[in-house]
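>>> Have a look; sequence and predicted model below, questions after that.
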Amino acid sequence: MDMSNNVTVFILLGLSQNKNIELSCFVLFLFCYICIWIGNLLIMISVTCSQLIQQPMYFFLNYLSLSDLCYTSTVTPKLIRDLLAERKTISYRNCMTQLFTTHFFGGIEIFILTGMAYDRYVAICKPLHYTVIMSRQRCNLIIMACCTGGFIHSASQFLLTIFLPFCGPNELDHYFCDVYPLLKLACSNTHITGLLVIANSGLIALVTFVVLLLSYFFILYNIRGYSVESRRKALSTCSSHITVVVLFFAPALFIYIRPATTFPEDKVFALFYTIIAPMFNPLIYTLRNTEMKSAMRKVWCHYTLLGKK
């Protein structure tokens, strides 16, 4: 067998072969993508133009919104365009670029969520030392660590895939380029590569999820002696974060923690962390947060008044 890479284009099978379903999905995902942009931009502008940027929690939320926008933009525009296309194709080079950027921004998002959990843990369990521990310098270092972690994770996924030989077929049973569907098409033994992917993506998702669960266990343990009002306040600041974490991690763990096989359901689960979680993040963080709503009102009232003048 010729082990050279003679595939220059991949055909994406997409979410469905049914035209009516594709049309419905086009309308739905276009709406979702517009909501993602509006919601995350609102958060970024409101946080940056108000005093909230001084607080670590909102400093991280600002970067989470930015990574949300970058992450979903690596997949969603192509998916929306393909839903109307007769033939869904992606070049080998674009496929590898999409694989790298998706895992890069997805990795950053996972690490920022972990950083936010650490921030909540310090705020609730060590309130007297909070300003010292969560200094602006420490927050900047955490963001730098998140970006470095995302790059290392993404580069290793990319290197595991770029050297695989593809000599046909070239039909990718997904709506974007991901590692497992690509492993299925490689014309070589991918058993070791599959194990390395689990060791990378699966372990990162699992370890960060366990760290997040432990941080919330310590938070719940520490607030058991608080007054009812203090307990309610502490839980309300954490509940938003827990909702986002579950939306993002549950489907990611389902896909990456198992052996390198693909199921038809994978595409539906992938929608949760590529489109649905980035869309709900702004809603979850603003609707349940009085500080955020107040900042938004101040910033947008200020801009409205300036506009009238």
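Happy to help now that I have it. Quantities reported herein were computed from a predicted structural model and do not represent experimental measurements.

>>> can you map out the helices along the chain?
Taking DSSP state H, the helices of the chain run over residues 19-48, 56-73, 76-84, 92-125, 130-133, 136-162, 179-185, 191-197, 203-222, 228-256, 266-271, 277-287, 290-308.

>>> okay, the ones you listed in TSV with mean pLDDT next?
Below are those laid out as TSV (pLDDT from 0 to 100):
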stretch	mean pLDDT
helix 19-48	92
helix 56-73	93
helix 76-84	93
helix 92-125	92
helix 130-133	92
helix 136-162	94
helix 179-185	88
helix 191-197	84
helix 203-222	85
helix 228-256	78
helix 266-271	85
helix 277-287	81
helix 290-308	73
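
>>> quick one, which of those is packed in tightest?
Mean neighbours per residue, mean count of other C-beta atoms under 10 Å, is largest over those for helix 56-73, with a mean of 23. From N, CA and C alone the C-beta is placed, and that goes for glycine too.

>>> May I have it exported as PDB, CA atoms only?
Provided in PDB are the C-alpha atoms of helix 56-73 (Å, rounded to 0.1, in the frame of the first residue of the first chain):
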ATOM      1  CA  PRO A  56     -10.300  39.000  39.100                       C
ATOM      2  CA  MET A  57     -13.600  37.100  38.500                       C
ATOM      3  CA  TYR A  58     -14.600  39.600  35.700                       C
ATOM      4  CA  PHE A  59     -11.000  39.900  34.500                       C
ATOM      5  CA  PHE A  60     -11.200  36.100  33.800                       C
ATOM      6  CA  LEU A  61     -14.800  36.400  32.400                       C
ATOM      7  CA  ASN A  62     -13.500  39.000  29.900                       C
ATOM      8  CA  TYR A  63     -10.900  36.500  28.600                       C
ATOM      9  CA  LEU A  64     -13.400  33.600  28.700                       C
ATOM     10  CA  SER A  65     -15.700  35.700  26.400                       C
ATOM     11  CA  LEU A  66     -12.800  36.400  24.000                       C
ATOM     12  CA  SER A  67     -11.800  32.700  23.900                       C
ATOM     13  CA  ASP A  68     -15.500  31.800  23.300                       C
ATOM     14  CA  LEU A  69     -15.600  34.100  20.300                       C
ATOM     15  CA  CYS A  70     -12.300  32.700  18.800                       C
ATOM     16  CA  TYR A  71     -13.200  29.100  19.600                       C
ATOM     17  CA  THR A  72     -16.700  29.000  18.100                       C
ATOM     18  CA  SER A  73     -15.400  31.000  15.100                       C
END
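
>>> Which other helices and strands does it contact?
helix 19-48, helix 92-125, helix 136-162, helix 277-287 (3 or more C-beta pairs under 8 Å, 6 or more residues apart in numbering; DSSP states H and E).

>>> can you redo these as TSV with distance to Arg297?
Below are the helices and strands packed on helix 56-73 laid out as TSV (distance: least, C-beta to C-beta, whole Å):
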stretch	distance to Arg297
helix 19-48	9
helix 92-125	24
helix 136-162	25
helix 277-287	11
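
>>> how near is Asn140 to Phe166?
Remark: distance between Asn140 and Phe166 (C-beta to C-beta, to the nearest Å) = 41 Å.

>>> same question, Ser156
19 Å.

>>> How about Lys267?
Lys267 is 20 Å from Phe166, where distance means C-beta to C-beta.

>>> To Ala250, which of the helices and strands packed on helix 56-73 lies closest?
Closest to Ala250 of the helices and strands packed on helix 56-73, according to C-beta to C-beta: helix 277-287, at 9.8 Å.

>>> Next, the angle from that closest one to helix 19-48.
Put simply, helix 277-287 runs at 40 degrees to helix 19-48, going by axes from the mean of the first three to the mean of the last three C-alpha atoms, to 10 degrees.

>>> So which elements touch helix 277-287?
Short answer (3+ C-beta pairs under 8 Å, 6+ apart): helix 277-287 packs on helix 19-48, helix 56-73, helix 228-256, helix 290-308.

>>> Show me the contact partners of stretch 234-253.
57, 106, 109-110, 113, 116-117, 120, 123-124, 202, 205-206, 208-209, 212, 216, 219, 223, 226, 269-270, 272-273, 276-277, 280-281, 284-285, 288-289 (C-beta atoms under 8 Å, 6 or more residues apart in numbering).

>>> quick one on the thing from earlier: please produce a markdown table containing the helices and strands packed on helix 277-287, extended by distance to Val7.
Shown next, in a markdown table, are the helices and strands packed on helix 277-287 (distance: least, C-beta to C-beta, whole Å):
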| stretch | distance to Val7 |
| --- | --- |
| helix 19-48 | 25 |
| helix 56-73 | 26 |
| helix 228-256 | 23 |
| helix 290-308 | 47 |
